[in-house]
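[1] Fold the stuff below for me.
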Amino acid sequence: MARRKRKGRPDSGVLLLDKPAGISSNKALQEVKYLFRAAKAGHTGSLDPLATGMLPVCFGEATKISAFLLEADKRYRVKCKLGVVTDTGDAEGEVIRTADCKHISLDDVQKQIPAFTGVIEQIPPMYSALKHEGQRLYKLAREGIEVERKPRRVTIHELIVHSLNGDELDLEVACSKGTYVRTLVEDIGEALGCGAHVIDLRRLSVGPFEGDMVTIEELKTLREAAEDRDYTALDALLLPVDSAIADWPDIHLDPDAAFYMRQGQPIQVPQAPTQGWVRLYDQTRFLGVGEIQDDGKVAPRRMIRASA
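    All right, here's what the predicted structure looks like:
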């Protein structure tokens with residue numbers, strides 16, 4: 001049986017989307033995919049509906065490296081309300097406890113920061129997409145069921161206190177993958193003796209990506225201004241596939257080495273790194289991702305089609 005042809009345009013690249021509040025990451029992805037009429041697209045790490053900010057969307061061949069962005073460090077700006085605890089850890093939940101926090105000073109907050117910097121343990125929240133015996137935790141939580149969750153180690157690279165205005169605390173967090181910012185805020189609130197929850201969360205960066213982002217409304221405006229089949233303005237917003245791993249070491253191959261690499265064969269490359277992941281190039285273009293083996297050879301892992 002012949003394979004069904006995938007509908008849509010075969011674009012490849014990375015779009016830095018500024019996700020709006022109020023919709024899921026998957027909803028945002030589907031809107032973008034529709035606007036680009038893309039054959040294949042995926043996002044690289046969910047943001048809660050409450051959250052805004054950077055949601056890298058990978059198109060076409062870029063989806064082959066989206067997993068590496070899932071593993072990447074992230075940076076967030078978060079506003080917290082002290083003295084109020086909710087069942088979800090954010091402003092969308094029901095209030096379950098309140099406490100007086102008028103006595104808490106900026107100095108009190110600063111004194112807690114060292115305890116939440118570096119490698120720490122977090123207990124994942126019940127309102128999360130993690131699974132327990134095949135069911136999402138948030139679905140169990142909505143049924144009033146709470147199950148035991150094992151602590152997970154995460155790394156808080158940087159935790160900056162920007163301000164404390166009344167009961168609103170403004171923080172900036174640089175962290176490893178798997179960090180629950182809601183849980184971090186709740187834990188800081190408990191350490192202060194008053195509790196806390198997230199009222200605003202914005203992701204500023206993902207891995208090597210930071211800075212300029214584009215909104216769904218801006219994409220719609222560009223699409224509406226273009227001719228029916230003219231996607232030039234939208235395509236100009238796509239970053240190259242290899243931009244997602246721009247901070248990796250690169251290896252440039254001669255024609256023979258590139259040929260064997262494209263055939264899936266590990267090769268010995270002079271002066272290559274001794275371990276880890278690398279970007280692979282021939283004389284003109286990005287070939288894909290390689291990994292250094294124990295014998296020192298570079299093995300192809302995810303290769304990119306020539307048309308990408």
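[2] Residue ranges of each domain in the chain, please.
    Following automatic domain parsing, the chain resolves into domains at 13-71+209-242, 74-203, 248-303.
[3] Turn the ones you listed into a markdown table, columns for mean neighbour count, distance to residue 7 and mean pLDDT.
    From N, CA and C alone the C-beta is placed, and that goes for glycine too. As requested, the domains of the chain are exported to a markdown table (neighbours: other C-beta atoms under 10 Å; distance: least, C-beta to C-beta, whole Å; pLDDT from 0 to 100):
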| stretch | mean neighbour count | distance to residue 7 | mean pLDDT |
| --- | --- | --- | --- |
| domain 13-71+209-242 | 18 | 7 | 92 |
| domain 74-203 | 16 | 28 | 89 |
| domain 248-303 | 15 | 24 | 92 |
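[4] Look at the spatially most central residue of the chain and tell me its secondary structure.
    Geometric centre of the chain, nearest residue: residue 45, 3.9 Å, by C-alpha atoms, centre = their mean. On the three-state scheme (DSSP: H, G, I helix; E, B strand; the rest coil), residue 45 is labelled coil.
[5] After the biggest strand by length in the chain, which helix or strand is next?
    If you go by DSSP state E, the chain has its longest strand at strand 152-165. Later in the chain than strand 152-165, the nearest helix or strand by DSSP states H and E is strand 168-175.
[6] strands paired with that following strand, and their directions?
    strand 74-82 (antiparallel), strand 152-165 (antiparallel) (DSSP bridges).
[7] Beyond the shortest one, next helix or strand please.
    Think strand 74-82. Taking DSSP H and E, what comes next after strand 74-82 is strand 84-86.
[8] Which strands border that following strand, and is each parallel or antiparallel?
    Here, using DSSP bridges, strand 84-86 pairs with strand 95-98 (antiparallel).
[9] neighbouring contacts of the strand it pairs with?
    83, 84, 85, 86, 87, 195 (C-beta atoms under 8 Å, 6 or more residues apart in numbering).
[10] ok, what's across the strand from the fourth one?
    Following DSSP bridges, residue 86 is listed with bridge partners residue 95.
[11] Assumed residue 32 was part of a helix.
    Yes: assigned with three-state DSSP, residue 32 falls within a helix.
[12] ok, now which ones touch it?
    Counting by C-beta under 8 Å, 6+ apart, residue 32 has contacts 15, 17, 38, 41, 57, 216, 219.
[13] how close does the residue nearest to the centre of the chain get to residue 251?
    Separation of residue 45 from residue 251 (C-beta to C-beta, to the nearest Å) stands at 27 Å.
[14] next one: residue 288
    11 Å.
[15] ditto for residue 189
    Residue 189 is 47 Å from residue 251, by C-beta to C-beta.
[16] Check residue 56 too.
    24 Å.
[17] which residues does residue 89 contact?
    125, 127, 180, 182, 183, 185, 186, 197, 198.
[18] Spell out which residues sit in contact with residue 201, please.
    47-48, 50-53, 76-79, 90, 181-182.
[19] Can you name the residues bridging to it?
    Under the criterion used (DSSP bridges), residue 201 bridges to residue 78.
[20] Make CSV from the contacts of residue 32 and add distance to residue 167 and secondary structure to it.
    As requested, these are exported to CSV (distance: C-beta to C-beta, whole Å; DSSP: H, G, I helix; E, B strand; the rest coil):
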residue, distance to residue 167, secondary structure
15, 37, strand
17, 32, strand
38, 44, strand
41, 41, strand
57, 36, strand
216, 32, helix
219, 37, helix
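[21] Rebuild those residues as TSV, extending it with distance to residue 120.
    Formatted as TSV, the contacts of residue 32 follow (distance: C-beta to C-beta, whole Å):
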residue	distance to residue 120
15	33
17	29
38	38
41	34
57	30
216	35
219	38
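[22] Can you tell me which of the residues you listed is nearest residue 173?
    Distance to residue 173, by C-beta to C-beta, is smallest for residue 17 among the contacts of residue 32, at 20.6 Å.
[23] ok, and the closest non-adjacent residue to that closest one?
    residue 55 (4.6 Å; C-beta to C-beta, 6 or more residues apart in numbering).
[24] just checking, that neighbour is part of a helix?
    No: applying three-state DSSP, one finds residue 55 to be strand, outside a helix.
[25] What's the separation between it and residue 62?
    From residue 55 over to residue 62 (counting by C-beta to C-beta), the distance is 14 Å.
[26] where do the helices sit along the stretch 201-308 of the chain?
    For the stretch 201-308 of the chain, the helices defined by DSSP state H, counting those that start in this stretch cover 216-225, 232-235, 255-262.
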